[in-house]
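Engineer: Mind looking at a prediction? Sequence and model below.
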Amino acid sequence: LLELVYATGIRTGELLKLKVSDLDFTARTVLVRQGKGGKDRIIPIPSVTAGYLKEYVEKVRPKFAKRMKGGDDGTLIISYMSTTFNRTRLCEMFRRNRKLAGIDKPVTAMTLRHSIASHLLENGINVRYIQEFLGHERLSTTQIYTHTTLTGMRKHYNEHHPKEKRVRKIEAEAAG
């Protein structure tokens, strides 16, 4: 679950509404139906995440689903108590895992959403793709992340600024 949240940057409400049928293991995508603003979007997922999800769907989820009152409605995330997750249960899970990891700061689905957006931006993905990935209607909403990636900016600045290139060339010549 945590892997899925980080990999997709999915909002809590979108996560809780996911159905098994929204997963495409061949294309390695998740279909978010009626996300914020009532829009659908398709989110790519890494092969590692797809592998975890496939194992969950094929081996773990069926054990929980067969005990569901009223039958299996196809909801992706089911608890070990054979009930669907809600916001409270999700928050509890985040809190428990944060403590197990020894992290002092609060960690939420929104924290992971911000993290993946920043990490994608730092690794060079175009901000317009991040806009689509996150399901933002306006680019201005996504551009908030451009202000939070000084580390990424410094890396690219050092690689591409003419004066920094010149300094590296001089340092390389002196060393070699």
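Structural biologist: Great, that's in hand.

Engineer: from here on, contacts and neighbour counts on C-alpha atoms
Structural biologist: Noted.

Engineer: Flag the shaky bits of the chain, pLDDT-wise.
Structural biologist: 140-156, 163-167 (pLDDT under 70).

Engineer: which residue packs closest to D104, ignoring adjacent ones?
Structural biologist: Excluding the flanking residues, the one nearest D104 by Cα to Cα, 6 or more residues apart in numbering is R98, at 7.6 Å.

Engineer: you'd agree the one you found is in a helix?
Structural biologist: Yes: applying DSSP: H, G, I helix; E, B strand; the rest coil, one finds R98 inside a helix.

Engineer: And it, how far from T108?
Structural biologist: 9 Å (Cα to Cα, to the nearest Å).

Engineer: neighbour-wise, which of those two wins?
Structural biologist: T108 (19 against 16; other Cα atoms under 10 Å).

Engineer: what's the more buried one in contact with, if anything?
Structural biologist: Residues in contact with T108, defined by Cα atoms under 8 Å, 6 or more residues apart in numbering, are 91, 94-95.

Engineer: Can I get the buried ones among those residues as something I can paste into PyMOL?
Structural biologist: Applied in PyMOL, the following selects the buried portion of the contacts of T108 according to 16 or more other Cα atoms under 10 Å:
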select buried, resi 94+95
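
Engineer: Mark which of the contacts of T108 are part of helices, please.
Structural biologist: 91, 94-95 (DSSP state H).

Engineer: Distance to H119 for those residues - can I get that in JSON lines?
Structural biologist: Below are the ones in helices among the contacts of T108 laid out as JSON lines (distance: Cα to Cα, whole Å):
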{"residue": "C91", "distance to H119": "23"}
{"residue": "F94", "distance to H119": "20"}
{"residue": "R95", "distance to H119": "22"}
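
Engineer: Identify, from the residues you listed, the entry nearest to L4.
Structural biologist: Using Cα to Cα, F94 comes nearest to L4 of the ones in helices among the contacts of T108, at 12.9 Å.

Engineer: Look up phi and psi at N86.
Structural biologist: Dihedral pair for N86: phi -130, psi 180, per degrees, to the nearest 10.

Engineer: Quick check: chain neighbours aside, which residue is closest to it?
Structural biologist: Here the residue nearest N86, using Cα to Cα, 6+ apart, is L16, at 6.8 Å.

Engineer: Quick check: end-to-end length of stretch 21-30?
Structural biologist: Stretch 21-30: ends 9 Å apart by Cα to Cα.

Engineer: So which residues make contact with that stretch?
Structural biologist: With Cα under 8 Å, 6+ apart, stretch 21-30 has contacts from 31-32, 42-47, 50, 54, 74.
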